[in-house]
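**Q** Sequence unavailable; structure follows:
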């Protein structure tokens, strides 16, 4: 797996809840490229629970949505917005998990609409949640002008 370099690290005002390392309330996600997949490795915390020791479904949805966004950023070298996210919660995720693996990939693309699939696996590699995501991408010019996106590389590129 190759670590993806966050292209927004030096952008003034960058405080993404999911991926900014500077957001004190955020998830601080980091991402890797593994073939066709983009992978996020992440450790839950007790303050993100719903029921006792259970990771909140909204946080699970955020994890899958964010990996989907990074699939777009890395694989298509542009940005955009989530249009629809259909999540399925399969197995309870404990907030005591040492690490979760969140994976995502492109299933299909029709012009500016991209269909993605994402999953969350626990530390025993059991499938815990999945989502089908519809993502609307923007032109590379708009990505630069509106989102400050200049491109996304991995370490060593």
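**A** Yep, it's here. These figures come from a predicted structure and were not determined experimentally.
**Q** For the chain, which residues score under the pLDDT cut-off?
**A** Of all residues in the chain, none has pLDDT under 70.
**Q** next one: the helix ranked longest in it to chain centre, how far?
**A** Secondary structure of the chain per DSSP state H: the longest helix is helix 57-71. Centroid separation between helix 57-71 and its chain, computed with C-alpha atoms, centre = their mean, to the nearest Å, is 4 Å.
**Q** Report the buried residues of it.
**A** 59-71 (16 or more other C-beta atoms under 10 Å). Yep, even glycine has a C-beta here, placed from its N, CA and C like the rest.
**Q** try stretch 31-49
**A** So stretch 31-49, judged by 16+ other C-beta under 10 Å, has buried residues 31, 32, 33, 37, 38, 39, 40, 42, 44, 48, 49.
**Q** ok, and the closest non-adjacent residue to the residue sitting nearest the centre point of the chain?
**A** The geometric centre of the chain, computed from its C-alpha atoms, lies nearest to residue 67 (C-alpha atoms, centre = their mean), at 1.8 Å. Excluding its sequence neighbours, the residue lying closest to residue 67 (C-beta to C-beta, 6 or more residues apart in numbering) is residue 104, at 4.0 Å.
**Q** Next up, the contacts around the closest residue in space to residue 34 that isn't next to it in sequence.
**A** Among residues not flanking residue 34 along the chain, residue 1 sits closest, at 4.6 Å (C-beta to C-beta, 6+ apart). The contact partners of residue 1, taken as C-beta atoms under 8 Å, 6 or more residues apart in numbering, are 32, 33, 34, 39.
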